[in-house]
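**Q** When you get a sec, could you give me coordinates for this:
(3 chains)
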Amino acid sequence: MIKNAINSIAFLFCFLCIFLYFCGVYDETTKRMSNIDKFSFLEHLNEQQREAVMANENPELIVAGAGSGKTRVLTYKIAYLLAAGLPAYKILALTFTNKAAREMKNRIEKLVGEDVAKNLWMGTFHSVFARILRQEMRNTNWPYNSDFTIYDSSDSEGLLKQILKEMGLKDNQYYKVSVVQNRISAAKNSLVGPDAYSNISAYLEDDKLAKRPLLNVIYKKYSQRLIDANAMDFDDLLFLMFYLLQNFPEIKTKYQNRFEFVLVDEYQDTNYAQYQIIKLLAPPANNVCVVGDDAQSIYSFRGADIQNILNFRRDFQNAKVYKLERNYRSTKNIVDAAGSLISHNINQIPKHIFSQNESGEKVHLAPQLSDRDEARFIARTIGERKKKDIRESDDFAVLYRTNAQSRVLEDEMRKAGIPYRIYGGLSFYQRKEIKDMLAYLRLAVNHKDEEALVRIINTPARGIGDTTVEKLRRASTERDVAVFEVAKNPMLFGFEGSKGAMQKLTSFATMIEGFTEKAQTSDAYEFAKDVASASGLVAAAMLDQTPEGKDRYENLQELLNGLQEFVSERRNTGESVSINEFLQEVSLLTDQDHNQNDSTPRVTLMTIHAAKGLEFPVVFIAGVEENLFPSAFCETPTEVEEERRLMYVAMTRAEQVCYISYCSQRFRFGTTSPASPSRFVKEIDTQFVDELRQVSSPSWSNSFSQQLRDEINSRYFKYQEKPHSQPTDINDFRVNHQQSRPNHSDNKETSNIKSQLSTADTPFSIGSWVMHDRFGKGKVLDTYAENGNDRIVIKFVGESQPKTLLLKFAKLKAINN
DNA sequence: CGGCCCCGCGTTTTT
DNA sequence: CGCGGGGCCG
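**A** Okay, the predicted model is just below:
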């Protein structure tokens, strides 16, 4: 009822604004009213956006195409709810990155004021759930306490390695840590715990076939060891959150009642566990609003399930779907080129993204002879365009499929004197010295944290080597006590080592216990400063006069600075400043959250995955070649579709200019091997692209390179002649797609969503040819019913994108092609 | 225990 | 090619 009232008020307001606008008093009145009326910000939205923002009575899916103002809609919706009087603490907004949460919160504060927005529950899935788990742990009978440690991926990897070693599987090729880790992670993300795993024959069979029948045993041990360490891995934060709600109805009810509104960003990237948690949190009112773009789903390899967004309407009753189809970011050519590419995907929500910006330059295809030439070409072009277009370095981004490609690019940027910044690679929080320092802090707070202990017991070197650690761990497993307890009292727990070793162990334990005591009384910064010097970490870094040593010292200083900031910020808000709070936050931070204070404009070099959500005036996509992009690991059409979405993401990062480059040969794995343009290059409608001529560089003028040039020319020639005859024709995909189904145990993953909305009753079958009075000949790609209307998706000959038509209006005739 | 050398291998990675 | 892990030696 409240919501009805809110909506009517705002609706009337908009009506009034539009009315006043037509009366010609818009400017004055709006200005005056903006101070008075708290809904005035709705004027900044277009009609589609405003509709989506103001509809709050049903579960809502906002399909927000690239550059369509997704974040805007999400922030305005929250601002709208707040302005209408919904208390901030009743709104839960979940994102995937801290950065997204932070930016959104800032924008909301600007709209409605800091104090109104203050108590929003806005954060990443992981951080919000960690917070709830901490708070509720004492209301459960679980073997965790509130100060649990969060293991990052390298911590879990370390633990798994240890388990594999203990089981004698260390060098077994079928039990590679990465494989085991992925498998366990996938199980947790499907809400399958270790016991359930052992009872599901599909898992066991699968493991048996893959020659790793002990995986369920490893999983069980792994889970137990996490409990022993009072630690949760990233997946546990979701897995245990689900079971917290599932197993404790009173806790579930509490949060269901608290959150009157649940909003989810990047919904296309949610995994099964996240989806189930959302379903548990949403009732009774079912006020869920999810925002996402199926065309930008690029994380399925991490467990993201695109079906979550595709099935939203089925899973939430009375759901309403809103589509934001106008792209504000890019030029027409870029939007249309990207659209023509993504139209080759069968599995997608039908939509037509359009731009009303200027046409701009066509997308530039830039064939190159080698990766070296490609890098030179990019560096040279950036240099030229900086001058010609009067741009700064930070107007440019170079995007690539794999991190390995960054090396040459970096090289040539340096040679050309172009400032750049590489994202990816080692993040600040994964640097050895930072991890070491954090391990000291962690161990001081949680003595059971075995990964932290083994990491620092001999760092800096204090004469406790591998053998001693081995003996320590053996005693620990035999006596079933924490490793730290054995170190503290080796004799008592049957440690079989020399007197000297025992001495070293006890003095290490005493040092840590001293830290633990200090942690109770000092704030996080004071404490960490003490630990940094008393542990010898800073001293060791200072001794090292190599450039790397200096870096390490500076990084440690930076961490301490960060702590100081953390403490002073939280002092202001009256929050706890103990090291516990800091550790809880820091384990969920990533490099994206670590801002380097450097104001020089720089060219951005990053993988396409890392570029999601960002935008740049000029974008280069490098290495768009078969076996690299799409990756050589791609086998099924489903996998190729994900790569195509990745290419789509890459192209739609560009605001004004987009270059796509590919080489005839590429240096990889120590040798030069031939390469050919990606199928994606050919899938882009030729009317939106132009091809740059190969500019010869002075370093190759021999016959070999002439050969290569000929090869490129002939390839290009072929491409020009028959742009639509590739094996990646839409229809071939459909065929492959269906063939692949029976092989897939999980065939819901490959099924077509549109048919799941509800099947249309049409005389035209998918794949058949039809004739349309105006559009001519076309092939039926799909049929489905939406809002009770039968629709038909047809790719007409000569059109870049398929069209969706209402069946009852389109006068279609079936024809034989 | 720690340093050195050789061998094998090589996607993307919000938390 | 360049990194990390394992093995061997001082």
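**Q** where does the stretch 251-400 of chain A have low pLDDT?
**A** Scanning the stretch 251-400 of chain A for pLDDT under 70 picks out nothing.
**Q** Tell me the residues of it that contact DNA strand B?
**A** For the stretch 251-400 of chain A, the contact set with DNA strand B under Cβ under 7 Å from any atom of the strand comprises A:Glu266, A:Asp269, A:Tyr299, A:Phe301, A:Arg302, A:Ala304. Using the backbone N, CA and C atoms, a C-beta is placed for each residue, glycine as well.
**Q** Buried subset of the residues you listed, written for PyMOL?
**A** Selection of buried members from these for PyMOL, criterion 16 or more other Cβ atoms under 10 Å:
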select buried, chain A and resi 266+269+299+304
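**Q** Taking the residues of the stretch 251-400 of chain A next to DNA strand B together, which two end up most distant?
**A** A:Glu266 and A:Phe301 (15.7 Å; Cβ to Cβ).
**Q** returning to that earlier point: dump the residues of the stretch 251-400 of chain A next to DNA strand B into CSV; add secondary structure and distance to A:Asp293 as well.
**A** Listed next are these as CSV, based on DSSP: H, G, I helix; E, B strand; the rest coil; distance: Cβ to Cβ, whole Å:
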residue, secondary structure, distance to A:Asp293
A:Glu266, coil, 8
A:Asp269, helix, 10
A:Tyr299, coil, 13
A:Phe301, helix, 18
A:Arg302, helix, 17
A:Ala304, coil, 13
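**Q** quick one: A:Thr590 from DNA strand B, how far?
**A** 2 Å (Cβ to the nearest atom of the strand, to the nearest Å).
**Q** Could you give the number of residues near that residue?
**A** 15 (other Cβ atoms under 10 Å).
**Q** and it, how far is that from A:Tyr420?
**A** Noted for A:Thr590: a distance of 21 Å to A:Tyr420, by Cβ to Cβ, to the nearest Å.
**Q** Outside of stretch A:153-166 itself, which residues are in contact with it?
**A** With Cβ atoms under 8 Å, 6 or more residues apart in numbering as the test, stretch A:153-166 has contacts from A:151, A:170, A:172, A:175, A:177-178, A:180-181, A:184, A:218, A:221-222, A:225-226, A:229, A:231, A:233-234, A:430, A:435, A:450-452, A:454-455, A:473, A:477.
**Q** Buried ones in that stretch, by neighbour count?
**A** Buried-residue list, stretch A:153-166, by 16+ other Cβ under 10 Å: A:Asp155, A:Ser156, A:Glu157, A:Gly158, A:Leu159, A:Leu160, A:Gln162, A:Ile163, A:Leu164.
**Q** To which secondary structure element is the first one assigned?
**A** Secondary structure assignment for A:Asp155, by DSSP states H and E: helix A:153-166.
**Q** I'd like to check the angle between the next helix or strand after that helix and helix A:153-166, please.
**A** Note on helix A:153-166: by DSSP H and E, the next helix or strand toward the C-terminus is helix A:177-189. Angle of helix A:177-189 versus helix A:153-166, following axes from the mean of the first three to the mean of the last three Cα atoms, to 10 degrees, is 110 degrees.
**Q** So is helix A:177-189 next to DNA strand C?
**A** No. Against DNA strand C, helix A:177-189 shows no contacts by Cβ under 7 Å from any atom of the strand, the least distance being 8.7 Å.
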